[in-house]
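K.L.:
predicted model follows, preceded by the sequence.
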Amino acid sequence: MTFDVPVRSLLDLCRSRKKTIVTAESCTGGLICAALTEVSGSSDVVWGGFVTYANEAKTTVLDVPESLLREKGAVSREVVEAMARGALVKSGASLSVAVSGIAGPGGGSPDKPVGTVWIATSLKEGDVYSEQFLFTGDRTQVRRDTVHNALRICEKIILNESSLDSKLS
């Protein structure tokens, strides 16, 4: 899968701001990290990634509390933020991006239809930003849109880190 995202500009921004990035992925299955590492030389800013597709992986690898998964579900603000924080702790990177969603074609519900995706980014300093999306299209399109938006949000977070709050514009 090729990615129509500004990966080079994000990597250059990470270099200029001395940031390292780690991913914590569920519905994308490693595609965000794959997009980042598609560029030669990205190893100086890309720590790596965690693919935590199953809930058990989220708890054992990223220390997402089982109770949180039971109460809120894997596709929730609380879980994706815990994934982002867990990835930072486990990696020592300075920026994380985490995603969890329902790519389809099955698995949706009235409360969380297919295409529902949560994306969270976290800075080592503790600030977390998360946003919910409802993408349309088939499984491939939902995953592609998730990758694109996750990388776009990372870029915004780095550019706005001195004024990070719950609403980035």
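P.N.:
Alright, I've got the coordinates.
K.L.:
what about the residue nearest in space to the middle of the chain, which helix or strand?
P.N.:
Centroid-nearest residue in the chain: residue 98, 2.4 Å away (criterion: Cα atoms, centre = their mean). Residue 98 is located in strand 95-101, with elements delineated by DSSP states H and E.
K.L.:
just the helices in this structure please.
P.N.:
For the chain, the helices defined by DSSP state H occupy 7-16, 31-37, 55-62, 66-72, 77-91, 139-159.
K.L.:
so which of those comes closest to residue 102?
P.N.:
Proximity to residue 102, assessed across these by Cβ to Cβ, is greatest for helix 139-159 (8.0 Å). C-beta coordinates here come from the backbone N, C-alpha and C atoms, glycine included.
K.L.:
what count of nearby residues applies to residue 7?
P.N.:
Around residue 7 sit 19 other residues, with neighbours defined as other Cβ atoms under 10 Å.
K.L.:
can I assume it is in contact with residue 36?
P.N.:
Yes - contact criterion Cβ atoms under 8 Å: residue 7 and residue 36 qualify, at 6.1 Å.
K.L.:
who touches both of these two?
P.N.:
Each of 42, 151 lies in contact with both residue 7 and residue 36 under the rule Cβ atoms under 8 Å, 6 or more residues apart in numbering.
K.L.:
buried residues, stretch 141-153. List them.
P.N.:
142, 143, 144, 145, 146, 147, 148, 149, 150, 151, 153 (16 or more other Cβ atoms under 10 Å).
K.L.:
oops, could you answer that again for stretch 49-60 instead?
P.N.:
So, applying 16+ other Cβ under 10 Å, buried residues of stretch 49-60: 49, 50, 51, 52, 55, 58, 59.
K.L.:
many thanks, have a good one.
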